[in-house]
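# Coordinates for the following, if possible.
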Amino acid sequence: EDLQCGIMLSAASPGAGLICAILSAVFNGSFTVPFKVAAASNSRASAATTSSHDADASTTTGSTNTSSPSVVHEGGHDDEDNTNEVHPIVFTLYVSLGVFLSSFMFIVPFLSGMSINLPSIMAGFLFVLGVSASFLAVDLIGMALSQGIWAGSASVVSYIWGTFIFGEHPTRPLGSITGLVLLVLGVVGIAFCSDIAHSEFFTRMLYKWRHRRLGRGRWSDREELEPLTDGDILEDDNGSNASNSLRGDGSDRHSAERTHISSPSTSAYASGVFWACSVGLFGGSILAPTHYLKPDKQGIAVLPSFGIGCIILAPLVLILNNCWTRQMPPFNARKALIPGLLSGLLWNVSNLLSLIAIPSIGYGVAYPLLQGAVLVSGLWGVVVFKEITNRRTIAVFWIAGGILLLGAALLAAAQ
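Below is the predicted model:
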């Protein structure tokens, strides 16, 4: 029997395919959570160690310690001691091991013959490059923004592969172009949600919306901006009024709020966006090599070779990182191995569920549902990890996420 028969039978029902697509989005939007938890644990441990050292120093000198806490790198790593650091590249090694092990775990129940092929191994290579970039991005700008950026950019890259390289021309060109434009707008909106939220244009738009909501009719730009009430979306978390910047009083009360994730520097934020876009480049290309396989070698049949590709390239990436930085990051297997294996399992479960869902309910229905991972990661980042706390920025983030999902839906329908 063919290797895929058992899996495809379980997805014969469209209802089952629908559930698989939704669960795939949940797992895909959650696979970076173990890294965030491990990094947060490391940050807390570093903070506790620093506090203990400061307390000891204060006791020794007999004076009150008023010095500032030790400097922390982007991603929460202490300058003085990085032996407990959960390095993104090391974590990628553990994730790749998790993908390798789970790939064979998923295959064994349906194994009646297995072949190793180069295209699937190359797909594994692309996964390792993509997941390495993903943890670098999350380390710099957080889950919410990272996943939003790479989801949209991956959709654009996969569209380019399908349309311009594989000749899969859309049946509705106008809808396809519209969906592509919305995807790009969604990515840009997520990447620059803080700048957009505090721009004069967005402030005036929200002020007009509030003016009409209070039943005051149309509002003119020439009117005086009145003080806003507590709880209004235009008011920032620190209580400052959003309209102050439009009154021309010379004060920039939003400078502290024009931060993105845990107040990284501009260069760190730019690096995070770069790595997130790189995830989109590699992630949107993962399935490209398997396009050249025979139909009976695609789908779940690629998993063994895919896992082998992961376990081959991940150590090489670590070695290249060592050559580039001239230092080997700590492995910290005790702290990072289990979270890394779990992260790899979560991603591969998402991968498997998507392979089940697409043949069952069709690409046009499955693809927009799979992009729901943006919403899942957004909930993790905003609600659980508090990566974004400013209400206006959160509002722009969700609006941009909705635009991205609408673009994905139009793109799938046009295909």
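# Find the nearest non-adjacent residue to the residue nearest to the spatial centre of the chain, please.
Centrality entry for the chain: nearest residue to the mean C-alpha point is Q147, 1.9 Å, by CA atoms, centre = their mean. Residue nearest to Q147 in three dimensions, not counting chain neighbours: S377, with 3.6 Å by CB to CB, 6 or more residues apart in numbering. The way it works is simple: take the backbone N, C-alpha and C, and place the C-beta from them, glycine included.
# C-alpha coordinates for the helix or strand hosting that neighbour, PDB please?
Secondary structure assignment for S377, by DSSP states H and E: helix 373-379. Output in PDB follows, covering the C-alpha atoms of helix 373-379 (Å, rounded to 0.1, in the frame of the first residue of the first chain):
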ATOM      1  CA  ALA A 373      -1.200  31.300  13.000                       C
ATOM      2  CA  VAL A 374      -0.700  35.100  12.900                       C
ATOM      3  CA  LEU A 375      -3.700  35.500  15.300                       C
ATOM      4  CA  VAL A 376      -2.500  32.700  17.600                       C
ATOM      5  CA  SER A 377       1.100  34.100  17.900                       C
ATOM      6  CA  GLY A 378      -0.500  37.600  18.400                       C
ATOM      7  CA  LEU A 379      -2.500  36.300  21.300                       C
END
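# ok, then the element right after that helix?
Later in the chain than helix 373-379, the nearest helix or strand by DSSP H and E is helix 391-414.
# now the helices for the stretch 251-400 of the chain?
266-283, 303-325, 333-361, 363-370, 373-379, 391-414 (DSSP state H, counting those that start in this stretch).
# packing partners for the first one?
For helix 266-283, the packing partners by 3 or more CB pairs under 8 Å, 6 or more residues apart in numbering; DSSP states H and E come out as helix 118-141, helix 143-160.
# How about residues contacting that helix?
Identification of contacts with helix 266-283 by CB atoms under 8 Å, 6 or more residues apart in numbering yields 74, 126-127, 129-131, 133-134, 136-137, 139-141, 145-146, 149-157, 191, 260-261, 264.
# Kindly recompute the last result at 6 Å.
Helix 266-283 is contacted from outside by 74, 126, 129-130, 133-134, 136-137, 140-141, 146, 149-150, 153-154, 157, 191, 260, using CB atoms under 6 Å, 6 or more residues apart in numbering.
# Quick one, which of those residues are buried?
By neighbour count, with 16 or more other CB atoms under 10 Å, these hold 74, 126, 129-130, 133-134, 136-137, 140-141, 146, 149-150, 153-154, 157, 191, 260 as buried.
# re the thing from before, test my guess that the residue nearest to the centre of the chain contacts L379.
No - using CB atoms under 6 Å as the test, Q147 is too far from L379 to be in contact (10.7 Å).
# low pLDDT regions in this structure?
Residue ranges of the chain with pLDDT under 70: 1-12, 43-83, 108-114, 213-264.
# any idea what sits nearest P34, other than its immediate chain neighbours?
P339 (3.5 Å).
# got it, and V188?
Per CB to CB, 6+ apart, closest to V188 is A400, 7.7 Å.
# Please report how far that neighbour lies from G186.
Computed as CB to CB, to the nearest Å, the A400 to G186 distance reads 5 Å.
# what's the burial count for T163?
Using other CB atoms under 10 Å, T163 is surrounded by 16 other residues.
# Show the backbone phi and psi for the closest residue to it other than its chain neighbours.
Counting by CB to CB, 6+ apart, T163 lies nearest to H169, which is 6.3 Å off, once chain neighbours are set aside. As for H169, its main-chain torsions (degrees, to the nearest 10) stand at phi -70, psi 140.
# So that it lines up with my notes, have the first residue be 621 from now on.
Shifting the count to begin at 621 puts that one at H789.
# and the gap between H789 and L907?
Remark: distance between H789 and L907 (CB to CB) = 18 Å.
# tell me which residues of stretch 713-727 are tucked away?
713-723, 726-727.
# can I get these in JSON lines with secondary structure and distance to L1026?
Shown next, in JSON lines, are the buried residues of stretch 713-727 (DSSP: H, G, I helix; E, B strand; the rest coil; distance: CB to CB, whole Å):
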{"residue": "L713", "secondary structure": "helix", "distance to L1026": "37"}
{"residue": "Y714", "secondary structure": "helix", "distance to L1026": "36"}
{"residue": "V715", "secondary structure": "helix", "distance to L1026": "31"}
{"residue": "S716", "secondary structure": "helix", "distance to L1026": "34"}
{"residue": "L717", "secondary structure": "helix", "distance to L1026": "37"}
{"residue": "G718", "secondary structure": "helix", "distance to L1026": "33"}
{"residue": "V719", "secondary structure": "helix", "distance to L1026": "31"}
{"residue": "F720", "secondary structure": "helix", "distance to L1026": "36"}
{"residue": "L721", "secondary structure": "helix", "distance to L1026": "37"}
{"residue": "S722", "secondary structure": "helix", "distance to L1026": "33"}
{"residue": "S723", "secondary structure": "helix", "distance to L1026": "34"}
{"residue": "F726", "secondary structure": "helix", "distance to L1026": "33"}
{"residue": "I727", "secondary structure": "helix", "distance to L1026": "36"}
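# Quick check: of those, which lies closest to F926?
S723 (5.9 Å; CB to CB).
# That'll do, ta.
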